[in-house]
Every structure is written in structure tokens, then in C-alpha cells.
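Trainee: kindly return the folded structure for what I paste below:
(one chain, ligands or ions: 3)
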Amino acid sequence: MDNLSMLTDLYEFSMANGYRQALENEEGVFDVFFRKVPDKGSFVICAGLQQVVQALQNFRFDQSDIDYLRSLKLFKENFLDYLSKFQFNCQVAAIPEGTPVFPREPLLTIRGPLLQTQLFETLVLNLLNHQSLIATKARRITYAAGNRPVMEFGARRAQGPSSATYGARAAVIGGCTSTSNVLAAKEFGIPSAGTMAHAWVEAFPDELTAFEKWAEVYPDNAALLVDTYDVLKSGVPNAIKVFKQLKASGHQPVGIRIDSGDITQLARGARQMLDDAGFSDVKITASNALDEHVVMSLLNEGAPLDNFGIGENLITSASSPVLSGVYKLAAVSDGQGNLIPKIKVSASREKLTLPGLKQVYRLYHKGTKKAFADVIALKDEKLSDPLDVVKANPLATKRDQLIRDFDAVALQEPVLDGKKLKADLPDVFTIQKHGKQMLSELPSATERLTNPDEFPVYVTHRLDQMQEKLLEKQGK
Ligand SMILES: Nc1ncnc2c1ncn2[C@@H]1O[C@H](COP(=O)(O)OP(=O)(O)OP(=O)(O)O)[C@@H](O)[C@H]1O
Ligand SMILES: O=P(O)(O)OC[C@H]1O[C@H](OP(=O)(O)OP(=O)(O)O)[C@H](O)[C@@H]1O
Ligand SMILES: O=C(O)c1cccnc1
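Mentor: Residues are numbered from 1 along each chain as shown. Ligands and ions are numbered 1, 2, ... in the order given. Model (predicted):
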């Protein structure tokens, strides 16, 4: 990744310059979390950590950056000097990519010189919000598709090149099996996949010739687009003719793609014709503005589809295009190592933040090994059993509850200590597998596309008390 250190909001530089003058020795602790799940789902799939790590490890300013910042006439020379010799000097802990996470859970926590931690806000959020959004959408779509492969087809509709490429990565983290985006495939070790466009079929005098020529060039990879003229009257009959020729010369035809019309009816007709011709192995792919609801509806109608190609609604998360992850100050240290917890108290109680250095735990029933709740605790807390907790949502009625008989698994792990990597950065399919495992441990109703069950997220009594005390101090 190119050096992205200048991809930030001006106020981050303004504050950092101010910290250099006024709070030079203080450390900051910032948490990344979100409050609302896209598409009214119950969880978000974490993604983008690898790009955050790379961005932080590469964080530096070259002479042209310094010259530009100087030209703004806003910053002191001692700050510009600090930037020109920038040494990343923070600790990062994070929940591994692929993990389903819930509102208010710190998915990433960064601790280090206040000036530095402040500077990273915009870039870290940009990377995590985008990929987590697309991974979450991809999970919804692949959930709807069951075990049928979903190919990511969105590059042409993504909001720019980097959304296409990192979006494809995130789509695989959320469950897609391949991408048509060759750059993403190369960069992230994703299988590249694809069929043909209508242009190929139109370029020849007739459909049969177009299919025959394709089969000549790709005898072992013949997936034919059958809807340029008429799926059942010409597309499928012509495909069958070509498949017969292929079979006679010892090749296995791959499939057909349907990209318009009533996909259920067309797929049913096509399946019947293919089976009757002895091609029950030939797969049917559907595409055309699909999303999780259309996929679900097609499969509920019994459409005989084997896989899906999905572009615009996936790569832009069109139905819910924003993940509003935030980066909030949780503590400041006085330079002697004493952490002073901080909260943000705003008019909207929903926006109240959780103070202090924290850890998130997933709680599993001892017997069933199923997850039943998450708990946010102070990092130095030992979870007792039974455990006294309250709901993490500040809008929920405050009521102490006792939780017992659980195994707690810490979700955040150390990732960076300065530039030193403390965790594995797995490849996308290892991340996908980890995510599937974590999802299988959640109650199945949390995955429902419509009105999913809410997975309970609590804070410990001690964390709640710390928040209450800080609120009192603010006269609230
Ligand atoms: N049986 C079906 N049930 C639910 N939705 C379907 C079904 N068949 C197709 N769709 C979806 O309905 C939407 C509109 O389909 P339609 O065939 O009108 O598309 P279109 O874009 O107008 O067609 P064309 O590509 O020929 O212009 C698409 O998202 C498509 O995937
Ligand atoms: O619909 P999406 O989920 O984004 O999937 C990708 C679409 O891209 C291609 O068509 P293209 O956009 O080139 O033309 P079309 O809309 O006329 O089919 C392809 O045939 C799909 O329809
Ligand atoms: O390979 C395909 O079929 C494809 C790729 C991108 C967009 N639409 C279709």
C-alpha cells in the first residue's frame, strides 16, 4: 500500500500540533467501535486490520508532505520536525479479522503518544469502516446463498479503484469464493473467476458461432452467457449444441449464466433442457442486480441455481452503505504511566463512551460450548464466576445481572508493539474460515436476515461503576 499518512482530516494535524505544544508527554488510548449494524443486522464482520497494520508500519512524511503542511502556515516548526522524523511508537490490540462483533465492542484499541494516536483516527476508520461494511454485506449474501459459491463481480460499480480492490478482499472475508477483479485476485491470493459479457456474443454474426468460438479458445472453461437473445429459445439450445461438441472431443462443459428476466423460471427451463440432453453436471449461474433478499427469494422459489455472480449491491453495500465506526478517547496517561479514564458525555445518551483500557470477552456455556453473550471489561479485571454485569447499551434499562457457568474467551489480541508485529496476519481464506467458525458458535437466530435476535453485550459492574463515577464528576 502507498504511504497514506496524509489521508486524514485537517483537524487531526491541528490537534496533533497542539498536543506537541501542550501535552507533549501524555499518552492516549483510543477505541474503535460502532453503534449501529448495517441492514439492521445483529453483527458486523471485522475486516481491514491487515491494511491498518501496513498503514501504521509505513506511516511517515516525505519532504513534499512537510513542505505542503508548512505552506498551510498552521503548524509550529517543532511539530513539522517531529513529523519529518516520525517513528511509529504505539501499541495496537485488535479483534482478529473475520470475527462477528457487536455494537460498542472495541474492535481495535491503540495506545501511544497522544499526538500519534490522534493522527491515526481518520485513516484507521476509513480502512476498518469500509472493509467491515463490505464483509458484513458479503456475509448476508453468502448466508442467503447457503453453500452455493458467490463470485464477487463488482469492480465496475465500486466507488473507485481502492473500494473495488479492498472491497473484493472484504467480500471474501465475508464468504465469497472468488472475484472477477484481477488486481484483487493477484494482490490477495483470491481465485479469479469469470464468464463472458454480452459483447462477445454480439460481436459474432450469430449466437451459436459465438459459443463455438469461445469453446474453441476455452474448451475446459466454457461457461456461456445464454441471455443475449432468448434464454430458452436460443441461448440454452445453442449452449447444448456446443456442449455436445465439447463432450465429443473429450472436454467437460462448465456452465451457463443467466443475467436477466425471471431467473427462477428461466433456470427451471434451462435445467430441464440441460438434464434432458445429459448435462446434469453443467452448472447454472445467476447474476443481475442480486442481493441477499433476491437470492433468498430465488432459492425459496426453488430456482435450480448452483452459484451466483454479484456486483453492485455487494461492493457498495447499496441497501445500507455506511458503517459509522468511531474512534474515541478512552484514557489519557500523565506520562508517568498513570492512566486517567475519559468519557464523552453528549446530549444523546446513546453516544456515551466506555472509559479505560478494556478487553472484550465472548462467553460460552460450559456444556454446549455455544456463545451466549459478550462482556466488555476493564483490561486488568479478572472475570469472576458468577459475574455481575449490566447491559452495555446506554439506552437500555440499567439492571445488574448475574451471569454464571461460562468460559470466557478474550477477543482482542496484541497486534503491534511499535512496528513489531505481535500477531499473525492470516490470508483471506484463513480469515474466512475463522469467521465461519465464530459464526457457528453464535445462536443461529442472530444470523437471520430480517429481525435477527439481539446478541447480549454487557459491561462488567466495575466498568459500569467507572463510567458512573465519571458521569457524576461531569454533574450528570
Ligand atoms: N424470480 C425472481 N424473484 C425475485 N427477483 C428476481 C427474480 N428474477 C429476477 N429477479 C431480480 O429482479 C430484478 C429485476 O429483474 P429484471 O429482469 O426486471 O431486470 P432488468 O435489469 O430489468 O432486466 P434486463 O437486464 O433485461 O434489463 C433483478 O434484481 C433480478 O435479479
Ligand atoms: O448486476 P451486478 O450484481 O452488478 O453484477 C454484475 C453485472 O455486470 C455485468 O453487466 P453490465 O453491468 O455490464 O451490464 P447489464 O447491467 O446491462 O447486464 C453482468 O452481466 C452483471 O449483470
Ligand atoms: O465474468 C463475468 O461473468 C462478469 C464479471 C464482471 C461483471 N459481470 C460479469
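Trainee: state the distance from the single nearest residue of the chain relative to ligand 2 to residue 178.
Mentor: As assessed by Cβ to the nearest ligand atom, ligand 2 sits closest to residue 311 within the chain, at 2.5 Å. No exception for glycine: its C-beta is placed from N, CA and C like everyone else's. Computed as Cβ to Cβ, to the nearest Å, the residue 311 to residue 178 distance reads 13 Å.
Trainee: quick revisit: pretty sure the residue of the chain closest to ligand 2 sits against residue 164.
Mentor: No - contact status for residue 311 versus residue 164: not in contact, 10.1 Å apart, counting by Cβ atoms under 8 Å.
Trainee: any residues in contact with both of these two?
Mentor: By Cβ atoms under 8 Å, 6 or more residues apart in numbering, residue 311 and residue 164 have these common neighbours: 154-155.
Trainee: now the helices: where do they sit in the stretch 251-400 of the chain?
Mentor: 263-276, 292-300, 312-315 (DSSP state H, counting those that start in this stretch).
Trainee: ok, longest helix in the chain?
Mentor: helix 121-144 (DSSP state H).
Trainee: what's around residue 254, how many residues?
Mentor: 18 (other Cβ atoms under 10 Å).
Trainee: in space, what's closest to it - neighbours in sequence excluded?
Mentor: Take residue 254 and drop its neighbours on the chain: the residue closest to it by Cβ to Cβ, 6 or more residues apart in numbering is residue 223, 4.6 Å away.
Trainee: residue 25 now?
Mentor: residue 335 (3.5 Å).
Trainee: residue 31 bridge partners, please.
Mentor: Beta-bridge partners for residue 31, by DSSP bridges, are residue 109, residue 328.
Trainee: got the contact list for it?
Mentor: Residue 31 neighbours (Cβ under 8 Å, 6+ apart): 106, 108-109, 327-328, 330, 353-354, 358.
Trainee: so what's the residue nearest in space to the middle of the chain up against?
Mentor: For the chain, the residue sitting closest to the mean C-alpha position, by Cα atoms, centre = their mean, is residue 132 at 2.3 Å. Listed by Cβ under 8 Å, 6+ apart, the contact partners of residue 132 are 34, 44-48, 107, 170, 323, 325.
Trainee: make a markdown table out of those and add secondary structure and distance to ligand 3.
Mentor: Below are the contacts of residue 132 laid out as a markdown table (DSSP: H, G, I helix; E, B strand; the rest coil; distance: Cβ to the nearest ligand atom, whole Å):
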| residue | secondary structure | distance to ligand 3 |
| --- | --- | --- |
| 34 | coil | 30 |
| 44 | strand | 26 |
| 45 | strand | 23 |
| 46 | coil | 27 |
| 47 | coil | 22 |
| 48 | coil | 23 |
| 107 | coil | 31 |
| 170 | helix | 17 |
| 323 | coil | 25 |
| 325 | coil | 29 |
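Trainee: state the distance from the closest residue to residue 304 other than its chain neighbours to ligand 1.
Mentor: In space, and not counting its chain neighbours, residue 304 is closest to residue 271: 4.2 Å by Cβ to Cβ, 6+ apart. With distances taken as Cβ to the nearest ligand atom, to the nearest Å, residue 271 is found 14 Å from ligand 1.
Trainee: mind pulling up the pLDDT for residue 271?
Mentor: With respect to pLDDT, residue 271 scores 98.
Trainee: quick check: it touching residue 302?
Mentor: No - counting by Cβ under 8 Å, residue 271 does not reach residue 302; the two are 10.4 Å apart.
Trainee: which one's more surrounded, these two?
Mentor: Counted by other Cβ under 10 Å, residue 271 and residue 302 do not tie: residue 271 has more neighbours, with 20 against 10.
Trainee: residue 159 against residue 317, yeah?
Mentor: No - using Cβ under 8 Å, residue 159 makes no contact with residue 317, being 10.4 Å away.
Trainee: looking at those two, which has the bigger crowd around it?
Mentor: residue 317 (23 against 12).
Trainee: give me the number of residues near the residue of the stretch 1-150 of the chain found nearest ligand 1?
Mentor: Nearest to ligand 1 in the stretch 1-150 of the chain, going by Cβ to the nearest ligand atom, is residue 144, at a distance of 12.0 Å. Neighbours of residue 144 under the rule other Cβ under 10 Å: 22.
Trainee: look at it and report its pLDDT.
Mentor: Reading off the model, residue 144 has pLDDT 98.
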